[in-house]
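> Provided below are the primary sequence and the corresponding predicted coordinates.
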Amino acid sequence: MEFHAATIDPSMAQQLRMYTIKPGELEAFAREWGEHILPLRLQSGFRVAGPWVIDETNQFVWILEHDGNFELADSRYYELPERKAMDPDPARHIEK
């Protein structure tokens with residue numbers, strides 16, 4: 001398991017996201033997340049702490065931060081044409 005130091009800004013709204021990835025798909029999910037999800041989140045005004053990959057449990061963990069109305073910004077992110085057009089959607093790798 002690899003650990004990374006993360007700086008968390010307590011003035012920002014934060015959300016811990018923990019995904020269990022389908023067996024054998026962790027590497028593909030992490031790659032697609034880094035290529036597609038991360039850049040779009042950053043362009044949308046979010047900050048990201050992490051990610052962390054836990055091979056033993058097939059988990060992908062990250063912390064998403066936003067300075068402002070997190071729920072509204074998150075909703076707007078999912079309505080972006082670039083997000084809706086993501087094909088294939090990296091979420092297909094998520095088991096839970």
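Received the coordinates, thanks. Numbering: from 1, shown residues only.
> residue 31: neighbour count?
Residue 31 has 11 neighbouring residues, counting by other CB atoms under 10 Å. Quick note: C-beta positions are derived from backbone N, CA and C, even for glycine.
> mind checking the longest helix of the chain?
helix 70-79 (DSSP state H).
> and the spatially most central residue of the chain, what does it touch?
Closest to where the C-alpha atoms of the chain average out (CA atoms, centre = their mean) is residue 62, at 5.8 Å. Residue 62 makes contact with 16, 17, 48, 49, 50, 51, 52 under the criterion CB atoms under 8 Å, 6 or more residues apart in numbering.
> hmm, try it at 10 Å
The neighbours of residue 62, taking CB atoms under 10 Å, 6 or more residues apart in numbering as the test, are 6, 15-19, 33, 37-38, 41, 48-53.
> among those, which are in strands?
15, 16, 17, 18, 19, 48, 49, 50, 51, 52, 53 (DSSP state E).
> filter the residues you listed down to the buried ones.
Buried members of those, scored by 16 or more other CB atoms under 10 Å, are 19, 48, 49, 51, 52, 53.
> need the residues you listed in JSON lines with pLDDT and distance to residue 75, can you?
Formatted as JSON lines, those follow (pLDDT from 0 to 100; distance: CB to CB, whole Å):
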{"residue": "19", "pLDDT": "97", "distance to residue 75": "20"}
{"residue": "48", "pLDDT": "95", "distance to residue 75": "18"}
{"residue": "49", "pLDDT": "90", "distance to residue 75": "21"}
{"residue": "51", "pLDDT": "94", "distance to residue 75": "22"}
{"residue": "52", "pLDDT": "96", "distance to residue 75": "26"}
{"residue": "53", "pLDDT": "96", "distance to residue 75": "27"}
